[in-house]
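S.K.: I would like to see how this sequence folds:
(chains A and B)
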Amino acid sequence: DQQVKQNSPSLSVQEGRISILNCDYTNSMFDYFLWYKKYPAEGPTFLISISSIKDKNEDGRFTVFLNKSAKHLSLHIVPSQPGDSAVYFCAASAKGTYKYIFGTGTRLKVLA
Amino acid sequence: GAVVSQHPSRVICKSGTSVKIECRSLDFQATTMFWYRQFPKQSLMLMATSNEGSKATYEQGVEKDKFLINHASLTLSTLTVTSAHPEDSSFYICSASPTAPMDEQYFGPGTRLTVT
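M.R.: All right, here's what the predicted structure looks like:
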């Protein structure tokens, strides 16, 4: 049972345009969400997080939006840069726990 | 930022042997460390959670006698894959949490295990 889903395995975007990565979840107990970036053969690097009390969090070129009613979150990267090319994982955890449940990842390719 | 290291980065071992992977928090004390594995093109799956000085908590379906975890200090956790088989070949990643459990986890670079 995949509680965190990233339905797009890959995405290609032109440099300078917006990248939108989507993530859906099924567990209504999740209240903390994170996005990680991962290069091949490396560990994930934290990008940005959002608590369920918010619907938006912004950090530079990265913005995460949370729609609790739809159980959906998205990561916007604007403007996209070639160095953003990587696999992006969303993760979620439930209040009172420390376990992260990861999605399957979306491979972003930013074309120069 | 917080740095987590893993050693070795790659290891190849023969079927039936045991392999130990180390995870260290370099510039902070980690009350909790986590071990994940990732199969190609799949998600990171949490295997177990270890707290310094206590027994690890394993996720459902993870054999505790096969994947031995020791969290001997606030900066070191080890994962030993015992009697390794080819199906254990995977990318093993640790993470560490510096303070409260709900803080972000900082991930190590991972260890590629290949069992021949």
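S.K.: name the residues of chain A found near chain B, please.
M.R.: In this structure, chain A approaches chain B at residues A:2, A:4, A:9, A:32, A:34, A:36, A:41-46, A:49, A:89, A:93, A:97-105, judged by C-beta under 8 Å from any C-beta of the partner chain. Heads up, the C-betas are built off the backbone N, CA and C, glycines and all.
S.K.: could you flag which of those residues are buried?
M.R.: Burial by neighbour count, 16 or more other C-beta atoms under 10 Å in any protein chain shown: within those this picks out A:4, A:32, A:34, A:36, A:42-44, A:46, A:49, A:89, A:93, A:98, A:100-105.
S.K.: that older thread, so which of the residues of chain A next to chain B belong to strands?
M.R.: Within the residues of chain A next to chain B, residues falling in strands by DSSP state E are A:4, A:32, A:34, A:36, A:45-46, A:49, A:89, A:93, A:101-102.
S.K.: so can I have a markdown table of those showing pLDDT?
M.R.: Conversion of those to a markdown table gives the following (pLDDT from 0 to 100):
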| residue | pLDDT |
| --- | --- |
| A:Val4 | 94 |
| A:Tyr32 | 91 |
| A:Leu34 | 93 |
| A:Tyr36 | 94 |
| A:Thr45 | 89 |
| A:Phe46 | 88 |
| A:Ser49 | 92 |
| A:Phe89 | 95 |
| A:Ser93 | 90 |
| A:Ile101 | 91 |
| A:Phe102 | 93 |
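S.K.: tell me who's in contact with the one residue sitting closest to the centre of chain B.
M.R.: Nearest to the geometric centre of chain B sits B:Trp35, at 3.5 Å (C-alpha atoms, centre = their mean). Neighbouring residues of B:Trp35 by C-beta atoms under 8 Å, 6 or more residues apart in numbering or on different chains: B:23, B:46-50, B:67, B:69, B:77, B:79, B:92-94.
S.K.: next, count neighbours for A:Asn67.
M.R.: A count of nearby residues for A:Asn67, using other C-beta atoms under 10 Å in any protein chain shown, gives 11.
S.K.: beta partners for it?
M.R.: Beta bridges link A:Asn67 to A:His72 when assigned by DSSP bridges.
S.K.: okay, now the unreliable bits of chain B?
M.R.: Residues of chain B that meet the criterion pLDDT under 70 lie in B:1, B:99-103.
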